[in-house]
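> fold the following, please.
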Amino acid sequence: MTVSAATHSHAEQPEQPSAPHTAESPPGMVWIPAGEFLMGSDRHYPEEAPVHRVAVDGFYMDQHLVTNAEFRRFVEATGHVTFAEIAPNPADYPGALPQMLVPSSLVFVQPKDRVDMGNIGNWWMFMRGADWRHPYGPKSTLDGLDHHPVVHIAFSDAEAYAKWAGKELPTEAEWEYAARGGVEGAEFAWGDEVTPGGRYMANYWQGEFPWQNLATDGFERTSPVGAFAANSFGLYDMIANTWEWTTDWYQARHPAERQKACCVPHNPRGARKQDSYDPNQPKIKIPRKVLKGGSHLCAKNYCYRYRPAARYPHPVDTSTSHIGFRSIVRKRNDQS
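The predicted structure follows:
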């Protein structure tokens, strides 16, 4: 793999999307009307179950993922240093090897042949010098990637950007409702067929992950925002391209108390922070948030999560080459 932008069949830099909005809409955002929807799925991974009805208030949402150009403006204005650019505190990681306690981030490195799928170390590498400015490693740059989503963003980085922009990060329920675009219970954000009429609708992995990347959707890595069709709410890349942070603490299933027939949960929030720790790492108390949407590395044979219902736990201290974010603005009570 190279450190340049992926070659693809679309225009090299697609025209940037313009958001459908009302006179009151913040620039670059679309209005997501209040409503109810079926959240979750009973057909795939256990953490997506059970399907349950949820209600959310209306809110504005960024039409597209935050781009490298937008994040650069934030850094230039604030001097923000991302989590990946700071050496970890050894006290937070008992037993960690010294070579791991350096500014670094996880980078996908494509193997040349089939590998043991039980070992993610066969395609993920903690790479010193990898960060949002160097998405594929220390020698890579953002040349040609201004309109691609920013990556190597830890939760605190996404939160800091949202606060600077006068916004917030969405809850899991808000995010999934927006991703579905009013299409009730469908497999994907646009319906039940992954490529309707043979048309690719999102940037996910084609081929046998992780060694065979056919890139038949036109992209080897991330794609520029707006490269694929928007959903019914006018939102781009709600499926694949990069995972997106939400504010909810992770728990292994949707809560049972939400399934009561008498009540539809209204603006539900996630689990308690202390319940989000990884039970497989009891000595490391790093809480985990819910990621949504899947990424360009999600494949049918592995991580079939380029679907609105899909969810995944991710530690707040970890950044990768396939996680980005977008923000929302909740409508104030004094607004009509």
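
> now do the helices in the stretch 101-250 of the chain.
Under the criterion DSSP state H, counting those that start in this stretch, the stretch 101-250 of the chain contains helices at 155-164, 172-180.

> deepest of those, which one?
Highest mean neighbour count among those (mean count of other C-beta atoms under 10 Å): helix 172-180, with a mean of 26. To be clear about C-beta, it is placed using only N, CA and C from the backbone, and glycine gets the same treatment.

> got a list of contacts for it?
Residues from elsewhere that reach helix 172-180 (C-beta atoms under 8 Å, 6 or more residues apart in numbering): 32, 35, 37, 39, 54, 56, 59, 61, 170, 186, 189, 231, 233, 235, 238-239, 244, 246-248, 265, 267-268, 270, 290, 292-293, 308-309, 311, 328.

> recalculate using a threshold of 6 Å.
Outside helix 172-180, the residues that touch it by C-beta atoms under 6 Å, 6 or more residues apart in numbering are 32, 37, 39, 54, 56, 61, 189, 233, 235, 238, 246, 248, 268, 290, 292, 308.

> mind putting the helices of the stretch 101-250 of the chain into CSV with mean pLDDT?
Converted to CSV, these look like this (pLDDT from 0 to 100):
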stretch, mean pLDDT
helix 155-164, 98
helix 172-180, 98
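
> next, format those helices as JSON lines and append distance to L106.
Shown next, in JSON lines, are those (distance: least, C-beta to C-beta, whole Å):
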{"stretch": "helix 155-164", "distance to L106": "14"}
{"stretch": "helix 172-180", "distance to L106": "22"}
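
> looking at these, which is nearest to Y136?
Ranking the helices of the stretch 101-250 of the chain by their distance to Y136 (criterion: C-beta to C-beta) puts helix 155-164 first, at 18.3 Å.

> one step back: mark which of the contacts of helix 172-180 are part of strands, please.
Those of these mapping onto strands are 32, 37, 39, 54, 56, 61, 246, 248, 290, 292, per DSSP state E.

> isn't the last one up against E244?
Meaning K292. Yes - between K292 and E244 there is a contact at 5.3 Å, judged by C-beta atoms under 6 Å.

> that older thread, pull the most distant pair out of the ones in strands among the contacts of helix 172-180.
I32 and V290 (18.2 Å).

> so which of the helices of the stretch 101-250 of the chain is nearest V75?
Among the helices of the stretch 101-250 of the chain, helix 155-164 comes nearest to V75, with 9.0 Å by C-beta to C-beta.

> list of residues touching that closest one?
74, 78, 80, 82-83, 168-169, 245, 289, 316, 325, 327.

> could you dump those residues to CSV with neighbour count and pLDDT?
Shown next, in CSV, are the contacts of helix 155-164 (neighbours: other C-beta atoms under 10 Å; pLDDT from 0 to 100):
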residue, neighbour count, pLDDT
F74, 18, 98
T78, 12, 98
H80, 15, 98
T82, 23, 98
F83, 20, 97
E168, 16, 98
L169, 22, 98
W245, 28, 98
K289, 23, 98
V316, 19, 97
F325, 26, 98
S327, 24, 98
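
> and the residues you listed, which two are furthest apart?
Using C-beta to C-beta, the contacts of helix 155-164 span at most 22.2 Å, a distance reached by T78 and K289.

> Y302 versus the closest residue to V115 other than its chain neighbours, what's the distance?
Among residues not flanking V115 along the chain, N122 sits closest, at 3.9 Å (C-beta to C-beta, 6 or more residues apart in numbering). Using C-beta to C-beta, to the nearest Å, N122 is found at 11 Å from Y302.

> cheers, nothing more for now.
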